[in-house]
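**Student:** coords please:
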Amino acid sequence: MSSNLKDIYFAGGCFWGVEKYFSLISGVHDTTVGYANGNTENPTYEEVCHHDTGHAETVHVKYSPDLISLKELTERFFKIIDPTSLNRQGGDAGTQYRTGIYCVNEGDFGEIREVIAEEQKKYDAPIVTELAPLQNFYQAEEYHQDYLVKNPNGYCHINFSNLE
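**Tutor:** Just a heads-up that it's a prediction; the model follows:
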């Protein structure tokens with residue numbers, strides 16, 4: 001099974017809740033939080049939050065397409081974000097909290113565009129979630145990995161009780 005895994009990167013505000021959410025989905029093999037598509041190498045959390053690094057807090061999702069499709073993962077992603085909110089999710093504001101989907105496989109763009117087009121029908125305002133190739137990804141510090149598992153009462157902008 002592990003040889004057939006695929007990669008996708010989701011930025012949905014603070015990466016702690018996004019990581020926990022995807023880690024609970026059957027077919028997701030692994031999640032890692034980090035910083036994506038910025039203009040500096042190996043940024044720290046401090047740099048991403050307080051300097052103009054251009055990075056988004058992002059979750060690398062490694063999944064089995066035999067168990068869950070990219071389409072379903074993307075549809076589920078839209079359940080936990082406000083795709084019309086620019087550089088803000090929940091109480092977090094700044095470019096590092098923008099929403100985005102970053103692909104490593106060129107073939108993934110068409111499927112994701114279809115999901116975005118369907119999602120757009122639910123909103124009057126335009127969807128501002130980025131769809132772009134992954135340019136870079138730097139793993140976040142260890143204390144951010146599985147943060148909500150280590151800190152069950154930690155901050156999270158996602159209301160898990162409203163999700164199926």
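
**Student:** helices and strands around whichever strand or helix holds Ala11, which ones?
**Tutor:** If you go by DSSP states H and E, Ala11 is part of strand 6-12. Applying 3 or more CB pairs under 8 Å, 6 or more residues apart in numbering; DSSP states H and E, we find strand 6-12 packed against helix 15-23, strand 56-63, helix 70-78, strand 99-103. Every C-beta, even on glycine, is put in place using the N, C-alpha and C of the backbone.

**Student:** Pipe the ones you listed into CSV and attach mean pLDDT, mean neighbour count and distance to Lys150 per row.
**Tutor:** Output for the helices and strands packed on strand 6-12, formatted as CSV (pLDDT from 0 to 100; neighbours: other CB atoms under 10 Å; distance: least, CB to CB, whole Å):
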stretch, mean pLDDT, mean neighbour count, distance to Lys150
helix 15-23, 97, 24, 10
strand 56-63, 98, 25, 16
helix 70-78, 98, 19, 23
strand 99-103, 98, 23, 25
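
**Student:** wait, which of those is closest to Asn162?
**Tutor:** With CB to CB as the criterion, Asn162 lies closest to helix 15-23 of the helices and strands packed on strand 6-12, at 11.7 Å.

**Student:** May I have the secondary structure class of Val48?
**Tutor:** helix (DSSP: H, G, I helix; E, B strand; the rest coil).
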